[in-house]
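**Q** Test case, fold it:
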Amino acid sequence: MTYLYSARRLIPLAALILLACAAPAGAAEAPACTDCHSDVAVHSPVHSKLACADCHTAVKADEDHAEAAKKEIASPGFCSTCHADVDLSHSVHKEVSCARCHGKAHDVVPVKDPRSPVAARNQIQTCAQCHPAASINAYRNSVHGRALFDAGLVSAPSCTTCHGSHDIVKASDPASRVSHAKAPATCGTCHTFILDDWQQSSHGKAWNHGQGNGKGPTCVTCHGSHGILHPQSAEARQQLPETCSQCHKGKYETYRDTFHGKSSELGFVAAADCSDCHTPHKNLPAADPQSSVNPANLRATCGRCHGDRVTASFVSFKPHLDPRSPNDSKPVHYVWLFMTLLLVGVFGFFGLHDALWLQRSVRGSLRGEFANLRKTEGPYVKRFSRNDSRMHVLVIVTFLLLAATGLPLHFHHAAWAQMLIDLFGGVTIARFLHRLAAIGTFGYMAWHIAEVFYRAVVRKEKGLFWGWKSMVPRWKDVQDIWQNFLYFLYRRPKPEIDRWSYWEKFDYLAVFWGVVIIGFSGLMLWLPGLFTRFLPGWVLNAAAIIHGDEALLAVGFIVIFHFFHTHLRPESFPLDPVIFVGSMPLERFKEERPLEYQRLVEAGKLDERLVDPPTPEQLRNARVFGFIAVAIGILLVIGILIGVILY
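**A** Numbers count the residues shown, from 1 in each chain. From the prediction side, this is the model:
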């Protein structure tokens with residue numbers, strides 16, 4: 001017992017001796033990292049079990065390691081101790097530290113964690129540290145970016161989906177996932193069925209034949225890279241024809257000359273574009289039986305938009321016809337040739353005619369030759385009925401509305417065309433107004449024909465189709481033209497004009513011809529299904545040429561030549577109100593219509609035609625309406641000149 005008691009007392013003593021012996025060794029041990037770095041905390045769930053020395057292998061406790069630690073952390077291979085499977089040696093990011101993308105090591109979270117800098121939604125900010133803002137913003141506004149950020153689809157592509165992560169190389173490198181050789185496979189990881197269609201298409205076959213070496217368009221060629229738009233968006237549909245023109249330039253030009261192309265460029269997204277006819281991904285040559293534009297399949301293709309109106313003749317319309325080439329269609333080529341010669345002939349003849357008239361009128365005004373034409377006092381002579389004046393107002397309104405809503409299509413490439421269409425509220429509203437004005441035009445034409453028929457057949461009025469009061473040209477008009485040219489050249493006095501001058505007859509016939517030609521060609525374009533029930537499809541191609549060129553001729557002739565003959569020549573400048581008020585001063589009537597005046601005097605009917613001068617209110621209304629009409633017409637002609645010269 002004594003022995004056991006003594007041993008128990010020796011145990012604490014032995015412990016004290018051992019502690020005393022161990023004390024010097026403990027005093028020499030290096031301090032813990034937290035003794036100096038108490039502000040450093042590891043929040044990373046993936047690195048929480050690692051000791052400091054597991055990562056900071058180059059740091060020595062007994063040395064000043066601040067600089068060594070900075071270099072070590074910035075090194076691209078800093079994480080390779082644990083992540084030896086990550087190889088950046090061939091990546092464009094081989095000089096970039098891991099922390100630049102994944103964040104600081106103390107805060108790193110798993111890649112799938114929404115807080116990670118390389119999580120799908122955060123990559124756009126992470127990559128923006130080095131990559132151009134233009135590419136980043138384009139992606140943010142793309143169909144991919146909107147799906148990810150706006151719709152919240154976590155499966156939507158992010159930067160790494162297309163470019164990869166640690167194996168990223170330049171896009172020009174064949175090994176790149178977005179290179180010409182590998183882009184289809186990359187996009188096909190999400191768009192599997194589209195990839196299958198594309199591989200069977202002309203594009204896919206061309207790419208496959210070239211083994212991806214720069215031949216044949218890929219997804220990126222057509223859709224772009226970062227700024228990919230939704231294919232059915234208005235912006236994408238408007239851009240598509242120009243995109244296709246990178247390879248199909250000739251087809252692009254002929255497409256742009258059709259209603260589809262013109263209206264599409266002006267914002268009418270419902271108009272057919274390249275993909276609507278050729279399909280977006282499975283486009284094949286027309287000779288291929290599976291092609292959407294194979295003759296056997298055209299009725300189904302066109303029927304997607306035009307429905308049951310599609311006939312066999314309808315689909316023979318050629319959307320890529322070049323009227324300048326007789327090889328495409330001889331009838332259409334000859335129509336184009338005739339309309340071109342008509343435009344050149346009319347503008348050439350009257351351009352010379354009015355240029356000579358202008359210089360003669362200016363010189364005559366300076367000489368005081370037209371003093372009587374300026375007099376407004378005294379009696380007036382009735383020249384037009386109230387019905388004539390109202391009819392002319394209707395003609396002016398419908399004509400200007402037709403021109404303002406139709407010319408933008410003809411000059412769709414000009415900047416002013418888009419501005420004018422936007423002013424009307426878009427192509428849909430402009431098209432409605434155009435057709436409304438066309439109905440009004442057919443209305444006044446029907447009224448005029450009925451009136452002539454009534455006067456000729458019912459009232460049996462003589463001279464409507466021949467003679468001094470007829471609008472039909474006669475031999476005297478030819479003589480007046482010749483004499484007027486001599487007058488312009490100071491060789492003869494001006495010709496004596498009867499009820500109607502030759503230029504007024506030309507104005508009348510131009511409108512009459514124009515309504516018939518423009519009207520019926522417009523009806524063909526308005527109702528193609530109806531007319532192709534008994535006419536071949538190329539008639540629609542011809543109708544488009546006739547409608548556009550004849551409209552151009554009408555607007556140019558009326559505004560340039562008719563306005564000059566009536567309002568803008570010095571004798572009547574700035575406006576001749578006679579058509580609106582229905583009468584003109586007697587002195588002017590004697591000067592301008594000497595043969596008609598003489599006939600009235602000899603027949604004793606002059607007094608019957610004399611009326612009171614128009615009231616100030618009538619003149620004011622005539623001038624306000626007339627000046628507005630003339631101003632609109634002049635602006636339209638300026639637009640035509642800009643479209644012809646600059647575009």
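**Q** can we go C-alpha only for contacts and neighbour counts from here?
**A** OK.
**Q** my guess is residue 194 is in a strand, correct?
**A** No - if the criterion is DSSP: H, G, I helix; E, B strand; the rest coil, then residue 194 is helix and not within a strand.
**Q** Surely it touches residue 281?
**A** Yes - if you go by C-alpha atoms under 8 Å, residue 194 and residue 281 touch, sitting 6.7 Å apart.
**Q** Below-threshold pLDDT in the protein: ranges please.
**A** 1-31, 60-77, 210-214 (pLDDT under 70).
**Q** if you set the cut-off to 50 instead, what comes out?
**A** 1-8, 10-30 (pLDDT under 50).
**Q** Give me the more crowded residue out of residue 194 and residue 281.
**A** residue 281 (19 against 15; other C-alpha atoms under 10 Å).
**Q** Once you drop chain neighbours, what's closest to the more buried one?
**A** Counting by C-alpha to C-alpha, 6 or more residues apart in numbering, residue 198 is the residue found nearest to residue 281 once chain neighbours are left out, at 4.9 Å.
**Q** Give me the most central residue, this structure.
**A** Taking C-alpha atoms, centre = their mean as the criterion, residue 265 is the residue nearest the geometric centre of the chain, at 2.7 Å.
**Q** Once you drop chain neighbours, what's closest to that one?
**A** residue 238 (6.0 Å).
**Q** which one is residue 283 nearest to, not counting chain neighbours?
**A** residue 201 (5.2 Å).
**Q** ok, back up a step: the residue nearest to the centre of the chain and residue 236 touch, don't they?
**A** No - contact criterion C-alpha under 8 Å: residue 265 and residue 236 do not qualify, at 11.4 Å.
**Q** Kindly list the longest helix within this protein.
**A** In the chain, with assignment by DSSP state H, the single longest helix is helix 330-367.
**Q** Check which helices and strands that one sits against.
**A** If contacts are counted by 3 or more C-alpha pairs under 8 Å, 6 or more residues apart in numbering; DSSP states H and E, helix 330-367 sits against helix 475-488, helix 538-556.
**Q** Redo those helices as a markdown table? Include mean neighbour count.
**A** Formatted as a markdown table, these follow (neighbours: other C-alpha atoms under 10 Å):
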| stretch | mean neighbour count |
| --- | --- |
| helix 475-488 | 16 |
| helix 538-556 | 22 |
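**Q** which stretch among the ones you listed comes nearest residue 157?
**A** For residue 157, the closest of the helices and strands packed on helix 330-367 is helix 538-556, at 44.8 Å, according to C-alpha to C-alpha.
**Q** Using CSV, list the CA coordinates for the closest one.
**A** Extracted in CSV, the C-alpha atoms of helix 538-556 (Å, rounded to 0.1, in the frame of the first residue of the first chain):
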residue,chain,number,x,y,z
TRP,A,538,-45.7,36.1,-116.4
VAL,A,539,-48.5,38.6,-116.9
LEU,A,540,-48.0,39.5,-113.2
ASN,A,541,-44.4,40.2,-113.9
ALA,A,542,-45.4,42.4,-116.8
ALA,A,543,-48.1,44.1,-114.7
ALA,A,544,-45.6,45.0,-112.0
ILE,A,545,-43.4,46.7,-114.5
ILE,A,546,-46.3,48.5,-116.2
HIS,A,547,-47.8,49.6,-112.9
GLY,A,548,-44.5,51.0,-111.5
ASP,A,549,-43.2,52.7,-114.7
GLU,A,550,-46.6,54.1,-115.7
ALA,A,551,-47.1,55.5,-112.2
LEU,A,552,-43.6,57.1,-112.4
LEU,A,553,-44.5,58.6,-115.8
ALA,A,554,-47.8,59.9,-114.5
VAL,A,555,-46.4,61.5,-111.4
GLY,A,556,-43.4,63.0,-113.3
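**Q** Which parts of the stretch 1-150 of the chain are helices?
**A** 2-27, 33-36, 52-55, 66-74, 98-102, 123-127, 133-140, 143-149 (DSSP state H, counting those that start in this stretch).
**Q** and what of the stretch 201-350 of the chain?
**A** When secondary structure is read from DSSP H, counting those that start in this stretch, the stretch 201-350 of the chain shows helices at 202-209, 219-223, 234-244, 249-256, 259-265, 274-278, 298-306, 330-367.
**Q** again with the stretch 401-550 of the chain
**A** 415-424, 427-453, 475-488, 502-526, 528-531, 538-556.
**Q** Roughly how far does the nearest residue to residue 270 once chain neighbours are set aside sit from residue 639?
**A** Spatial nearest neighbour of residue 270, excluding adjacent residues (C-alpha to C-alpha, 6+ apart): residue 264 at 7.6 Å. Distance of residue 264 to residue 639, computed by C-alpha to C-alpha, to the nearest Å: 20 Å.
**Q** More neighbours: these two, which one.
**A** residue 264 (24 against 19).
**Q** wait, doesn't that one sit right on residue 236?
**A** No - if you go by C-alpha under 8 Å, residue 264 and residue 236 don't touch, sitting 11.0 Å apart.
**Q** need the contact list for the residue lying closest to residue 583 once chain neighbours are set aside.
**A** Leaving out its chain neighbours, the residue that sits closest to residue 583 by C-alpha to C-alpha, 6+ apart is residue 382, at 4.4 Å. Residue 382 is in contact with 582, 583, 584, 609, 610, 611, counting by C-alpha atoms under 8 Å, 6 or more residues apart in numbering.
**Q** For the first one, which residues are in contact?
**A** Which is residue 582. Contacts for residue 582 (C-alpha under 8 Å, 6+ apart) come out as 382, 383, 384, 385, 386, 389.
**Q** Could you check how far it is from residue 621?
**A** Distance of residue 582 to residue 621, computed by C-alpha to C-alpha: 13 Å.
**Q** before we move on, what about the fifth one?
**A** Here the distance between residue 610 and residue 621 works out to 22 Å (C-alpha to C-alpha).
**Q** And the second one, by the same measure?
**A** The spacing between residue 583 and residue 621, counted by C-alpha to C-alpha, is 15 Å.
**Q** Which one of those two is surrounded by more residues?
**A** It is residue 583, of residue 583 and residue 621, that has more neighbours when counted by other C-alpha under 10 Å, with 23 against 14.
**Q** how far away is that one from residue 379?
**A** 10 Å.
**Q** okay, and the common contacts of these two?
**A** In contact with both residue 583 and residue 379: 611, 613, using C-alpha under 8 Å, 6+ apart.
**Q** In stretch 395-413, which residues are buried?
**A** Within stretch 395-413, the residues that count as buried by 16 or more other C-alpha atoms under 10 Å are 395-396, 398-413.
**Q** Then stretch 344-358?
**A** 347, 350, 353, 354, 356, 357, 358.
**Q** Present those as JSON lines; the columns should include distance to residue 615.
**A** Below are those laid out as JSON lines (distance: C-alpha to C-alpha, whole Å):
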{"residue": "347", "distance to residue 615": "38"}
{"residue": "350", "distance to residue 615": "35"}
{"residue": "353", "distance to residue 615": "35"}
{"residue": "354", "distance to residue 615": "33"}
{"residue": "356", "distance to residue 615": "36"}
{"residue": "357", "distance to residue 615": "32"}
{"residue": "358", "distance to residue 615": "31"}
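**Q** Now flag whichever of those is closest to residue 635.
**A** Among the buried residues of stretch 344-358, and counting by C-alpha to C-alpha, the member closest to residue 635 is residue 347, at 18.4 Å.
**Q** Contact partners for the closest one?
**A** residue 557.
**Q** Next up, phi/psi of the residue nearest to residue 583, please.
**A** Here is the backbone geometry of residue 382 (degrees, to the nearest 10): phi -70, psi 130.
**Q** And the helices and strands packed on helix 330-367: which comes nearest residue 167?
**A** helix 538-556 (54.8 Å).
**Q** now that closest one: how far from the chain's centre is it?
**A** Remark: helix 538-556 is offset 22 Å from the chain centroid, using C-alpha atoms, centre = their mean, to the nearest Å.
**Q** roughly how far out does the longest helix of the chain sit from the chain middle?
**A** With C-alpha atoms, centre = their mean, you get 32 Å for helix 330-367.
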